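>>> This is a predicted model, with the sequence first.
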Amino acid sequence: MSWRVVIRPKAEADLQAARAWYESRRTGLGDELLAEVGRAIRVLEETPERRPIYYRGFRRIITQRFPYKLFYRIDASRVVVFRILHTKQEHQRQLTPGG
């Protein structure tokens, strides 16, 4: 079964801010971050239930190359990504279902 992954606006904003930051450090590095997040999303399309509940119903997947976590919930036949946060950020205060 292939799951449909939905990226919420806050997660999209997180990703665009991170991309801009990396791109400002080195041209092309922001695109490398996007590719890494894309790999994590492809994993979620195949096996989102593989990761345990992390906090208040949220699960997370950690990217391999860059220090980012995608926080998501499984909702019927889709996976909803709520936030994409740096591993050093405080997560619990930023995770809300409406986000």
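Cool, got the structure.
>>> wouldn't Asp14 be in contact with Leu85 here?
Yes - the criterion here is C-beta atoms under 8 Å, and Asp14 meets it with Leu85 at 6.2 Å. Glycine gets a C-beta too; all of them are placed from N, C-alpha and C.
>>> Have a look at those two and say which one is more surrounded.
When Asp14 and Leu85 are compared on other C-beta atoms under 10 Å, the one with more neighbours turns out to be Asp14, at 25 against 21.
>>> what's the closest non-adjacent residue to that one?
Leaving aside its sequence neighbours, Asp14 sits nearest to Ile84 (C-beta to C-beta, 6 or more residues apart in numbering; 4.2 Å).
>>> List the contacts of the one you found.
By C-beta atoms under 8 Å, 6 or more residues apart in numbering, the contact list for Ile84 reads 11, 14-15, 18, 37, 68-71.
>>> What helices and strands are in contact with the stretch of helix or strand Ala35 belongs to?
Secondary structure from DSSP states H and E places Ala35 in helix 29-46. Packing contacts for helix 29-46, counted by 3 or more C-beta pairs under 8 Å, 6 or more residues apart in numbering; DSSP states H and E, involve strand 4-7, helix 9-25, strand 59-62, strand 68-75, strand 78-86.
>>> Next one: the residue nearest to Asp14, what pLDDT does it get?
On pLDDT, Ile84 comes in at 97.
>>> Kindly state the beta-bridge partners for it.
Beta-bridge pairing for Ile84 (DSSP bridges): Leu70.
>>> For this protein, give me the ranges with low pLDDT.
By pLDDT under 70, the weakly predicted segments of the chain are 1, 90-99.
>>> Leu15 touches Leu34, doesn't it?
Yes - using C-beta under 8 Å, Leu15 is in contact with Leu34, at 7.3 Å.
>>> So between these two, which is more surrounded?
Leu15 (20 against 16).
>>> Spatially nearest residue to the more buried one, not counting backbone neighbours?
Nearest in space to Leu15, with sequence neighbours left out and distances taken as C-beta to C-beta, 6+ apart, is Ile84 at 4.9 Å.
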